[in-house]
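Participant: Fold the following.
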Amino acid sequence: MNRIKQLFEAKQKNILSIYFTAGFPNLNDTVNVIKELEANNIDLIEIGIPFSDPMADGPTIQASGTIALRNGMTLSKLFDQLKDIRKEVSIPLILMGYLNPIMRYGFETFCKKCQEVGIDGAIIPDLPFDDYLKEYKPVADKYNIKVVMLITPETSDERIRLIDEHTDGFIYMVSSAATTGAQKSFDDSKQAYFKRINGMNLKNPRLIGFGISNKATLEAAQANASGAIIGSKFITLLQDSSNIKEAVSDLIECLKE
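Facilitator: All right, here's what the predicted structure looks like:
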């Protein structure tokens, strides 16, 4: 069974997923970040593929991608770094990136390589859902790669139900129709959105991302979904801390405040 499916069958609540950019802050940090996150009981990791024009990302993740690209990170280099990851890490791993570099690599080649190194899923924010259904889903299914789709407060109920019907990993629930970035709390409109989606009784579990950075936002996400995704806050800590271990420790402390 795919590790994402195993995770959500074993743990229905309080899942914590962490996003970081591959090749940041240093080119060869990728594997060490993954190992340190697993050692601190993170449930799932999203490994960002740096791209020059990340339209859904705020300034923090954009800057990390720019640094990673300058460091020499590429998709091919990332797969090389991950070739032995399953000898040391057992939690689900997802690659998150934009369609352009994946298409240049070749989508089937990408899925095949994911399967070879032990990647369980992919999040491609700019992949149109109709294209996913017609062209990409059969290929991803062939290699048992779960393609995770995003929904926002503006996504129609009809589209949400289509996504729920045709995916089986989890749904990435974007907290607001904005780019990524830390927030101190979720306002009434976001809380209403969370409740609306809860009321739809979807079959897929959901994780809430964009804006999770402290205890208040973490608890709000955990109360309204299976868990939370943290990205920008961890990227900032990786930038500001003296080493990876300290950055992960600081993240755990931030989520208690």
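Participant: would you say Ile208 is within a strand?
Facilitator: Yes - looking at Ile208 with DSSP: H, G, I helix; E, B strand; the rest coil, it is inside a strand.
Participant: Give the bridge partners for it, please.
Facilitator: Met173, Ala228 (DSSP bridges).
Participant: Over to Tyr19?
Facilitator: Glu46.
Participant: Measure how far stretch 126-138 is from the centre of its chain, please.
Facilitator: Relative to its parent chain, stretch 126-138 has a centroid offset of 18 Å by C-alpha atoms, centre = their mean, to the nearest Å.
Participant: What of stretch 20-31?
Facilitator: Counting by C-alpha atoms, centre = their mean, stretch 20-31 comes out at 15 Å from the chain centroid.
Participant: Stretch 23-37 too?
Facilitator: For stretch 23-37, the distance to the chain centre is 16 Å (C-alpha atoms, centre = their mean).
Participant: One more: stretch 225-245?
Facilitator: 12 Å.
Participant: Stretch 3-23 now?
Facilitator: 9 Å.
Participant: Report the helix or strand with the lowest average pLDDT across the chain.
Facilitator: None of the helices or strands of the chain scores lower by mean pLDDT, DSSP states H and E than helix 188-198, at a mean of 89.
Participant: which residues in this structure form strands?
Facilitator: Counting by DSSP state E, the chain has strands at residues 15-21, 44-48, 93-96, 121-123, 146-148, 150-151, 171-174, 206-209, 227-230.
Participant: on contacts alone, who are the packing partners of the third one?
Facilitator: The reference is to strand 93-96. strand 44-48, strand 121-123 (3 or more C-beta pairs under 8 Å, 6 or more residues apart in numbering; DSSP states H and E). From N, CA and C alone the C-beta is placed, and that goes for glycine too.
Participant: any chance of these in TSV, plus mean pLDDT, distance to Asp240 and mean neighbour count?
Facilitator: Compiled in TSV, these are given as follows (pLDDT from 0 to 100; distance: least, C-beta to C-beta, whole Å; neighbours: other C-beta atoms under 10 Å):
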stretch	mean pLDDT	distance to Asp240	mean neighbour count
strand 44-48	98	18	25
strand 121-123	98	26	24
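Participant: Would you format the ones you listed as TSV with distance to Thr74 included?
Facilitator: Shown next, in TSV, are these (distance: least, C-beta to C-beta, whole Å):
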stretch	distance to Thr74
strand 44-48	13
strand 121-123	17
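Participant: Looking at those, which is nearest to Ser156?
Facilitator: strand 121-123 (20.4 Å; C-beta to C-beta).
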